[in-house]
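Chemist: Here is the input, now give the coordinates:
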Amino acid sequence: MVKFGLRLSQNRAPEYPPEAYMDYDKLKEIIHELKKKKLARVDSTTREVSLTAPPPTNAAGRQLTADDSPVTEEDFYSTIDKELAKVESFTLQQVTELRKQIDNVENEVKGWVVTSTATAATSTVHKMNESQIESSRESADTVAKSFLILEKYVNINFMGFHKILKKHDKNSPQHQCKQFYINRMHQQAWVRGDYSDVVVRLSNIYSALRDDHAAEENKDGGQQSFLRSTTKYWVRTEDVSKVKYAILKHLPVFLQKTSTGESDSQLTNSVYFDNDQLELYHGRLDKTPGAIAYRLRWYGAGNPKLVFCERKTHRDTWTGEASVKERFTVDESEVKQVLNDKYPIDEKRKEMQSKKGATADEVDDWETLVREMIQVVQVKQLVPTMRTQYMRTAFQIPFDATVRISLDTNLCMISERGYDTLGGAKWFRDPEKPLADNEITRFPHAVLEVKLELGGANAEPPQWVTDLQNSGMLYEVHKFSKFIHGCAALLPEYVRSVPYWVDDASIRDSILRSGGGRILVKQDHETGVGPGANEVYDHLLPFGNVKEPRLDAKGRTANTASLVKGVDESPAKGAVATAEQYYADADVTEEEMLNSTLRGCCEDTCAGWMFPFCSGYNDDILTPTSVQKIEPKIFFANERTFLHWLHSGVTLYTIAAGILAFASDANSMTAHWYAMALLPISLGFCLYALHLFLWRSEKIKTRIPGRWDDSRGPLILGTTLCCVLFINFVMKCKEIRKYNNLLGYEL
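Modeler: This is a model prediction of the structure:
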């Protein structure tokens, strides 16, 4: 393990002077000096003194207060105070400079682009040429990369203070101060400062450079065929800004209005309902067809005003149906009526028709949804169970659903059990009352959700989405659910089963802090995972299990071996750049990243342990593995393919055996040669059929992503068979020619 002092010196940004970083070595020296005093310490239990008695001495007869070293605890405190002030001052100085640079870029862009006036008829837009766009984009990239370098500076210093305080408390247990200074750091601007305005302004700049326009609203979407997919990823906190930067270069941030101006994120609260048996939880966990999730959601800080009543219904995609999310809005004062089946549906129906101009079909659909959601509360006896709270950043071009991305940070789950709902009048906890440790769990990662709607000319996802997935910053977690995770962690005594991701090493501590240890295996468990899915699908855990943690694993969602294995090589040598290199190093371009990524993206597309000469098979299980959806019919398709290959092999064997059995002894050399050539080919067909069946069965079991077909094996077997047939044809032609020559004819 590399010592942090060396790590700090190796990770200093060349743009910043060394003295801008915390003086870790100096603080470490003070701790070593203080450690020497442990053998000569004043008795802290004595509460009386004598003015005439001499002070206590050590074994050498020297007074305990007469230390040879002038270093004291006060020196450590004053030094760390100075270092904290230095880091804070430098951070604020850099932020100020960054904002000035953004001002310059904005002025540069505004100088080329004249936005439309209020009246469309009088609007004039002067578009930038390619050189101007490229120049402004380079300036914006420089600002963004400078911001990422600053964030790395903040993180390395923040970690340094954590480590030096931990070392101090370990060596001076009588003068522990870590918790005090950690709380103090979180109150300082360089740690708690919200610099989302930088993201917002960069998003506006990139949007102007792309010349984004709202797409036309699709009012006939039901008559078009689209492939819709939703994938969820975990993102480390240290990579959040890098991911935001990678996305905003291609999609604008959906701006949120706050009391202090525009922000890139919005506080989102969702109260999930369930009954005492957690019927909805287990239905969603088991993916039962028709399983629902019932929640009340509101946006913004403070008490809710407008509440969204939402219902999510699960459908298996292999059945041809798609999961749906339906909702309607009510005022906060009307929530009690919805929960108690007293909501005035008829009055609201008339209001929709008269004031909002809704059509009869729209009103009928709304009424059906409202009645079904009110009924399910009464029938299933649903009560508030779990609340999720997070800051959501959304990226999307208005009315363009091709790519929609949301990033949830500061995610926490709060138990909504244990208080009187007052007949539905109270449906979420009083925010003024403190929460116990077992009533809240804070998730250590951000959650990224990518929604794609592909069809027609957009049959493939944009290349930048693929590049982001292969950047090493995203950890795909199949079917991750905040509601399911919160219930499992905070209501462990009520759940009969838990999701597979609870065994992940990176979230174990957060579950233990919230009192959910009973759903986790013990530290010394034989396999490190609980019974069930992880015993088979252990590769689904992004950071490994408690027995084999992979906390430093690179995230990836495609079969990109070099992304994980080629970290030590430079991009020029063919290795894939790490996330920090790709998004913070000006020497690495998107094109270089893409080219180096593609070099390893198809290494695992062929069956190969039996036929290594025809594939790029890799024995290593990469981390984490993207999960591929499985339809039930794929198991039978694998068996049918096996039988077809086996049938071909048996047919060839039968032909070869027949030729050997019925060929005459005279002039039978050609027939024997032909039969003996077909026999190993038929054996090859049978062995290949068995191997392909087992290899594909393993793919199906582990749901490894990518191609599950072998493009080389059939080509080699088919070519070999064609060669044998061609040689036999040539030899037969020679025999016929020879026979005709004997009879005096020409062929």
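Chemist: What count of nearby residues applies to Asp364?
Modeler: Asp364 is flanked by 12 other residues according to other C-beta atoms under 10 Å. C-beta here means a position set from N, CA and C on the backbone, and glycine is covered the same way.
Chemist: can you pull the contacts of the residue nearest to Lys244 when sequence neighbours are not counted?
Modeler: Ranked by C-beta to C-beta, 6 or more residues apart in numbering and with sequence neighbours excluded, the top spatial neighbour of Lys244 is Val199, at 5.6 Å. By C-beta atoms under 8 Å, 6 or more residues apart in numbering, the contact set of Val199 is Ser241, Lys244, Tyr245, Leu248, Val253, Asp264, Thr393.
Chemist: Same check on Tyr77?
Modeler: Taking C-beta under 8 Å, 6+ apart, one finds Cys177 in contact with Tyr77.
Chemist: how about a cut-off of 10 Å?
Modeler: For Tyr77, the contact set (C-beta atoms under 10 Å, 6 or more residues apart in numbering) comprises Ile30, His168, His175, Cys177, Phe180, Tyr181.
Chemist: quick one: contacts for the closest residue to Ser207 other than its chain neighbours?
Modeler: Spatially, and ignoring its direct neighbours in sequence, Ser207 is nearest to Pro252 (4.3 Å; C-beta to C-beta, 6+ apart). Contacts for Pro252 (C-beta under 10 Å, 6+ apart) come out as 200, 203-204, 206-208, 210, 212, 394-398.
Chemist: Can you select the buried ones from these in ChimeraX?
Modeler: Applying 16 or more other C-beta atoms under 10 Å to the contacts of Pro252, the buried members can be selected in ChimeraX as follows:
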select :200,203,204,206,207,208,212,394,395,396,397
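Chemist: what's the farthest-apart pair in the contacts of Pro252?
Modeler: Within the contacts of Pro252, Ala208 and Ala394 form the most distant pair, 19.0 Å apart (C-beta to C-beta).
Chemist: still on that earlier bit, just the buried residues of the contacts of Val199.
Modeler: Buried by 16+ other C-beta under 10 Å: Ser241, Lys244, Tyr245, Leu248, Val253, Asp264, Thr393, out of those.
Chemist: now those residues as TSV including secondary structure?
Modeler: Putting those into TSV (DSSP: H, G, I helix; E, B strand; the rest coil) gives the following:
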residue	secondary structure
Ser241	helix
Lys244	helix
Tyr245	helix
Leu248	helix
Val253	strand
Asp264	coil
Thr393	strand
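Chemist: Looking at the residues you listed, spot the one nearest Met413.
Modeler: Nearest to Met413 among the buried ones among the contacts of Val199, with distances taken as C-beta to C-beta, is Thr393, at 19.1 Å.
Chemist: residue contacts, the closest one?
Modeler: 196, 199-200, 203, 240, 243-244, 247-248, 253-254, 256, 263-266, 405-409, 446, 448.
Chemist: In strands only, show me those.
Modeler: Taking DSSP state E, the ones among the contacts of Thr393 that sit in strands are Gln256, Ser263, Gln266, Ile405, Ser406, Leu407, Asp408, Thr409, Ala446, Leu448.
Chemist: which of these lies closest to Arg297?
Modeler: Of all the ones in strands among the contacts of Thr393, Gln266 has the smallest distance to Arg297: 11.6 Å, by C-beta to C-beta.
Chemist: Could you report the neighbour count for that closest one?
Modeler: For Gln266, the neighbour count with other C-beta under 10 Å is 18.
Chemist: how near is it to Glu33?
Modeler: Distance, Gln266 to Glu33, by C-beta to C-beta, to the nearest Å: 50 Å.
Chemist: sorry, back to before: select from the contacts of Pro252 every entry located in helices.
Modeler: Residues of the contacts of Pro252 located in helices (DSSP state H): Val200, Ser203, Asn204, Tyr206, Ser207, Ala208, Arg210.
Chemist: Let me see the contact set for the nearest residue to Phe693 once chain neighbours are set aside.
Modeler: Excluding the flanking residues, the one nearest Phe693 by C-beta to C-beta, 6+ apart is Phe642, at 3.9 Å. When contacts are counted by C-beta under 10 Å, 6+ apart, Phe642 touches Ala689, Leu690, Leu692, Phe693, Leu694, Arg696, Ser697.
Chemist: element containing the second one?
Modeler: When elements are assigned from DSSP states H and E, Leu690 belongs to helix 669-702.
Chemist: quick check: mean pLDDT across that helix?
Modeler: Mean pLDDT, computed over helix 669-702, is 83.
Chemist: Quick check: next helix or strand after that helix?
Modeler: Once the chain leaves helix 669-702, the next helix or strand it forms, by DSSP H and E, is helix 713-743.
Chemist: follow-up on the earlier one: quick one, phi psi at the residue nearest to Phe693?
Modeler: Backbone torsions for Phe642, taken as degrees, to the nearest 10, come to phi -60, psi -50.
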